[in-house]
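J.: just a sequence and a predicted model for now, questions to come.
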Amino acid sequence: MQYQIQTAPIWEAYRETDGCPLCKIFAAREKRLVAQYLDENVMDPDFRVASNSVGFCPEHIRAMYKGHNKLGLALQLETRAAALHELVQKAPTDKKSAKKHAEKLDAHIGCVICDALREPMSRYYMTVAEMYDNEKEFPQLFAAARHCVKHAQYLYAAAQYAGKSASAYLGALTAGLTRDLRRTETELRAFADCFDFRNAGSRPDPEAVTDAIKLLITNDLNK
């Protein structure tokens, strides 16, 4: 495959063995975007128009708040507040206009960082499927990977890009997900059993719940 800029992060993530490789790619891109919105994007007109229009989700505003640039954050929140002020200052006068007012406001509540992540991550899912079909060493890494449920969903949707290898790709994805879910069930049952009085003295695995959350929900527990 020709596009090394797109494939290099995938090779790197899949060669690591701890956790979902696509969670790692997502986290790296997300971290860069949060940093950009605290630094170079603060005074960029195009980025400010976007952030003023839809704002930031709770998760990403918390990440920005924890960052190093409170002034940059304050400037963005100031103009976001001004944009919303202009949007809502005329009060609706009846039920019908109130509904339209709510719909108009809803259209301006979102997250500019989530939006910026959506397209590149879609390309990564497509590229993973293409690599399964085109890269000799990749299927073995793919089969061994511990994909979280969320990213497995997107990989299923990208199966068409695996070309002639689509059936093998889907089989490997399903086998891996089944393997990891079965292991998670076993580990959580063992964890719970340790608290049964009949198993007094048993020591629960402290990583069982953490590993389950990483598989079922999110790989990043530090947000």
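T.: Nice, thanks for sending it over. Numbering: from 1, shown residues only.

J.: now do the SS call for Q140.
T.: helix (DSSP: H, G, I helix; E, B strand; the rest coil).

J.: I'd like the distance between it and R62.
T.: 38 Å (Cβ to Cβ, to the nearest Å). The way it works is simple: take the backbone N, C-alpha and C, and place the C-beta from them, glycine included.

J.: what's the answer for G72, then?
T.: G72 is 15 Å from R62, by Cβ to Cβ.

J.: more neighbours, the two?
T.: Between G72 and R62, counting by other Cβ atoms under 10 Å, G72 is the more crowded of the two (18 against 13).

J.: hang on, isn't the more buried one packed against D39?
T.: Yes - G72 is in contact with D39 according to Cβ atoms under 8 Å; the separation is 6.7 Å.

J.: which residues does the nearest residue to A82 once chain neighbours are set aside contact?
T.: Spatially, and ignoring its direct neighbours in sequence, A82 is nearest to N52 (7.7 Å; Cβ to Cβ, 6 or more residues apart in numbering). Counting by Cβ atoms under 8 Å, 6 or more residues apart in numbering, N52 makes contact with 76, 79-80, 82-83.

J.: just the helices in this protein please.
T.: Secondary structure of the chain, counting by DSSP state H: helices at 4-15, 21-38, 45-54, 58-65, 70-88, 95-106, 112-134, 138-144, 149-157, 166-193, 208-216.
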